[in-house]
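> Let's see this in three dimensions:
(chains A and B)
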Amino acid sequence: MRSVADRADLLTGPTMTELPERPDQLEALKGLFLGEDLERLRRIDAEARSPEERLRRLAELLPLALKRLEKRGELNESLAPTVEAVVRLLIQRDSQRFADALYPAIGPAIRKSISETIRQLLRNLNQALEAGLSWQGLKWRFESWRSGIPYAQVVMLHSLHYRVEQVFLIHRRSGILLGHVQAEGVLYKDPDMVSSMLAAIGDFVEDSFESGEAGQLGHIEYGDLSIRIETGPDVLLALALRGEAPAELREQMQQVVEDIQRRYASVLGEFNGDMSVFSALEGLLLPLLQSKYRRPSRGLTLKTRLVLFALLMLAVLWGVNRWWWNGQREDFVQRLEQEPGLVVTAVDDDDGRLSVRGLRDPLARDPKAMLAQTVLDPDDVRLDFRPYQSLQQEFVHRRLLRATQPPQSVDLRLEDGRLVVEGVASPEWIRRFRDRAALLAGAQDIDTSGLVSEVNLNDLGAPDSVQLEFDSSTGAVKASGVAPGDWLERAEVRALLIPGVRRFDASAVQVLPSLEVFDAPATVQLELKDRVLQVSGSADSGWIARLKQRVAEYPVIRGLDLQRLVNTDGTKLQSIKSALESISILFDSALSFNLTDQSQMQQAADLALQLFATARKLGRKVTLVLHGHTDSTGSFEDNLLLSLERADFVAQQLFLQGVPASGVLIKGIETLAAPEKSAEERRHNRRVSFEVIIE
Amino acid sequence: MYKFKVCMLGAFAVGKTSLVQRFVHSIFDERYHTTLGVKIDQKLLEIGGTPVQLILWDLAGEDEFMKVRATYLRGAAGLILVADGLRPETLDTAIDLQKRFNADHALPFVLALNKADCRDEWQIPEHRLQELRTQGWTIFDTSALNGSGVEALFERIGTAMMEQA
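Residues are numbered from 1 along each chain as shown, chains lettered A, B, ... in the order given. Below you'll find the model as predicted:
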């Protein structure tokens, strides 16, 4: 463009100064020569001069140019150092800002990295698992354990078809390493030295073996490791790989060599040691890090694997089951062995069934019952126990209990190897027990010191008012209440005869006297009922009085019932009374005190004396009332006087006989007698009658 | 980062390997000398702020039975000649090697005169060394025993190669 502008300049510049008068002619001439081109030239010139135009043009073309460069791939390389320098500068200037700028990317980047790692982990895990359940897998596991290489790696190594482990790009002439990449997890030695040595080897071979035309090291093999080498004019590409590489790899290598040679043609030819130009080289080498795995040829499908696994689990479960059931069986047998009264003599496996033989004391637990308590199936177990007698203490005990059937009041137990019997039992039972115990073998020591014979107190025939108590600790029979003395005496004797009774204590008994003490005559019946002495029959007051005295001596008797007792003295008095009252002392007439019948008077006097004597004896008070009577003749007053005189007369007679005056009363008439109907009647009225009042 | 191939040459048993072994990284051992005739070592330097990696091709010593393999010298960016101060013939060998492979001084090179610890017993006259120096030779007195001069030697060759790059 510059040259065109210059040319344009040539045309317009000097020409203008030379021919200022005819610019239009010059123009016409230009137009002739150049035609349309002139316009174009002018335009180009204008553009070239104007910086804005230049800029505009450049701006137009720059993106296109960049795009084209991008296509060729050189742009990145060219820009890389610049960009790197820029980034470094930015970080230096203001790292915080840079960090801030990066920040949004870091999160996702980290996440991506993590997810990648996890994915890788899962891949490894997958591989490991896939190989895990196969025989091969187990072999590899063993190998891993043995060699210390991680299992995943062992798997990888074995399932490798081939794997490129390292790629070296070496400067052919000097052997200097220009670029190196290695696969994950590969151990490698210092690549610089290795590449130089590799070059040295190449040189060595070339030197030592007449290879004729310039040969090149193509291939080194060492076990399953091989080094493939492709050579370019300036570079050597070496791949360290394991396994069988495909044919395509060679082509690929050649391609890469070509690529590199082309791109770095300028620097390779005159390599001066400056490594900075090769910074992007590794990107070209990475595609060569290939690997291919083969699936284990005889791998099992997932289904088969699951089935196998299930079978394995079943086998394990069966094994565990078996082991557990055996444990249960052993447990059961052990329990049988430990059960007192059972002796296990043999344990066999009888076609899968457990067979236990032994001896069993009839009083021991039933093995069948024990079996029922376990989880074992009764059909699976055969129990064969023969009877025997165990001499173990416990069983002697049980047998004794069975044989002797002790009552509830007796306690039979084993203590320190001795059989202790305690309590109260009837003598018969005790006797039976002693006999049996001696018979039952093995009762080395029976302590019956605590056994007390029962005491049957019913034989004593105690009345209801008596309570009997037996204290087994002292052997004393205690009687309390109210008991007749004779019974008490008999009871004492009888009680002491009862085995087990050592004492008879009647101190608390209120003794009832024997009825004999009252000395009752034959006419009297005595009965002691509820501590009340019931007297019936008849007796004279003397005896009655004595009775009362006696009764007082026995405070135990709380009452005396004489209601049914007839006091004979009392009757006497009555008879006297009636006799006396039947007597009438008749008077002849009103005028004399001549008695018709003197004998009557005497009788009366005797009776009166008897009356008072008896009364005195009985301690009763009697009053003898003499009633005077008259007939109806005369006046009341006269008759009254007369009656009194008559009564008095009789009284005097009595007094003369000794009848006490204090007990006699005189009484006259109260009314005039009714006119009599006969002389007999009249005679009768002329009397004195007696009235006896007994208190 | 710069990488340079540097070849170490010298007569048989001048102590090339023992001289540098303290200062370099090695993964290959002595026997490569007898089998391949070369042992590769690596040395890292920093020259003027730039990391420089020297790949040392320790070539088997030259004697009447064995000659240095010329092929190994291909692509070298520098040479280290080693001679034994106690044996003047080794200096002759070094000079010879230089003539054979680097007569035009195309490659930067240095001479390491080993056994500096026994300097008093050195058999090489000083004037010979002076002569070499005037010819442009850079000479270092080195000792495998105390390691003197080795680092300086590496620095020097490194710098020289950088300058040429």
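
> Let me know how buried B:R119 is, in neighbour terms.
12 (other C-beta atoms under 10 Å in any protein chain shown). All C-beta spots, glycine's among them, are computed from the backbone N, C-alpha and C.

> One more: B:D117?
With other C-beta under 10 Å as criterion, B:D117 counts 16.

> what are the phi and psi angles of it?
phi -70, psi -20 (degrees, to the nearest 10).

> Who are the packing partners of the lowest-mean-pLDDT helix or strand in chain B?
Least confident helix or strand of chain B, by mean pLDDT, DSSP states H and E, is helix B:31-35 with a mean of 79. Counting contacts by 3 or more C-beta pairs under 8 Å, 6 or more residues apart in numbering or on different chains; DSSP states H and E, helix B:31-35 is packed against strand B:38-47.

> tell me which residues in the strand it packs on are buried?
B:38-43, B:45, B:47 (16 or more other C-beta atoms under 10 Å in any protein chain shown).

> Kindly report the same for stretch B:120-136.
Those would be B:122, B:124, B:129, B:132, for stretch B:120-136 by 16+ other C-beta under 10 Å.

> Likewise for stretch A:606-620?
Result for stretch A:606-620 [16+ other C-beta under 10 Å]: buried residues A:607-612, A:614-615, A:618.

> in the stretch 551-695 of chain A, which spans are strands?
When assigned using DSSP state E, counting those that start in this stretch, the strands of the stretch 551-695 of chain A occupy the ranges A:559-567, A:584-586, A:622-628, A:664-667, A:687-694.

> Point out the residues in chain B that sit beside chain A.
Residues of chain B lying close to chain A by C-beta under 8 Å from any C-beta of the partner chain are B:1-5, B:25-28, B:32, B:36-38, B:40-42, B:52-53, B:55, B:57, B:69, B:71-72, B:74-77, B:161-162, B:164-165.

> quick revisit: narrow the buried residues of stretch B:120-136 to those in strands?
With strands taken from DSSP state E, there is no overlap with the buried residues of stretch B:120-136.

> Let's have those in TSV, adding pLDDT.
Compiled in TSV, the buried residues of stretch B:120-136 are given as follows (pLDDT from 0 to 100):
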residue	pLDDT
B:W122	79
B:I124	81
B:L129	86
B:L132	87
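
> Cross-reference those with the helices and report the matches.
Counting by DSSP state H, the buried residues of stretch B:120-136 place B:129, B:132 in helices.

> List just the nearest of the buried residues of stretch B:120-136 to chain A.
Closest approach to chain A among the buried residues of stretch B:120-136 (C-beta to the nearest C-beta): B:L132, at 26.6 Å.

> contacting residues around the closest one?
Residues near B:L132 by C-beta atoms under 8 Å, 6 or more residues apart in numbering or on different chains: B:95, B:111, B:139.

> so where's the stretch 51-200 of chain A uncertain?
A:72-73, A:126-134, A:156, A:159-160 (pLDDT under 70).

> Nearest to chain B among the strands of the stretch 551-695 of chain A would be which one?
That would be strand A:559-567 among these, by C-beta to the nearest C-beta, at 141.7 Å.

> Number of residues surrounding A:G500?
Residues within reach of A:G500, counting by other C-beta under 10 Å, total 16.

> Under the pLDDT cut-off, which ranges of chain B? List them.
B:64.

> out of everything not next to it in sequence, what's closest to A:L236?
Using C-beta to C-beta, 6 or more residues apart in numbering or on different chains and skipping residues adjacent in sequence, the residue nearest A:L236 is A:I170, 4.2 Å away.

> try A:F168
A:A238 (4.2 Å).

> Same question for A:L640.
Using C-beta to C-beta, 6+ apart, the closest residue to A:L640 is A:G668 (4.9 Å).

> just A:A245 next, same as before
In space, A:A245 is closest to A:Y162, 4.9 Å off (C-beta to C-beta, 6+ apart).

> Next one: that neighbour relative to chain B, how far apart?
Separation of A:Y162 from chain B (C-beta to the nearest C-beta, to the nearest Å) stands at 26 Å.

> Is that residue in a helix, a strand, or coil?
Following DSSP: H, G, I helix; E, B strand; the rest coil, the label given to A:Y162 is strand.

> likewise A:T345?
strand.

> Hmm, A:I446 is touching A:E415, no?
No - counting by C-beta atoms under 8 Å, A:I446 does not reach A:E415; the two are 11.2 Å apart.

> who has more neighbours, these two?
Legend: neighbour count by other C-beta under 10 Å for A:I446 and A:E415, higher for A:I446 (19 against 10).

> what helix or strand is residue 76 on?
You didn't say which chain, so I picked chain A. Per DSSP states H and E, A:N76 falls inside helix A:74-93.

> got the buried residues for that helix?
A:E77.

> which residues touch residue 78?
Since you didn't name a chain, this refers to chain A. By C-beta under 8 Å, 6+ apart, A:S78 lies in contact with A:L69.

> To clarify, I was referring to chain B.
B:4-7, B:107-109, B:157, B:160-161.

> Kindly reformat the residues you listed as a markdown table containing neighbour count.
As requested, those are exported to a markdown table (neighbours: other C-beta atoms under 10 Å in any protein chain shown):
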| residue | neighbour count |
| --- | --- |
| B:F4 | 27 |
| B:K5 | 26 |
| B:V6 | 25 |
| B:C7 | 26 |
| B:L107 | 19 |
| B:P108 | 23 |
| B:F109 | 25 |
| B:I157 | 27 |
| B:A160 | 19 |
| B:M161 | 23 |
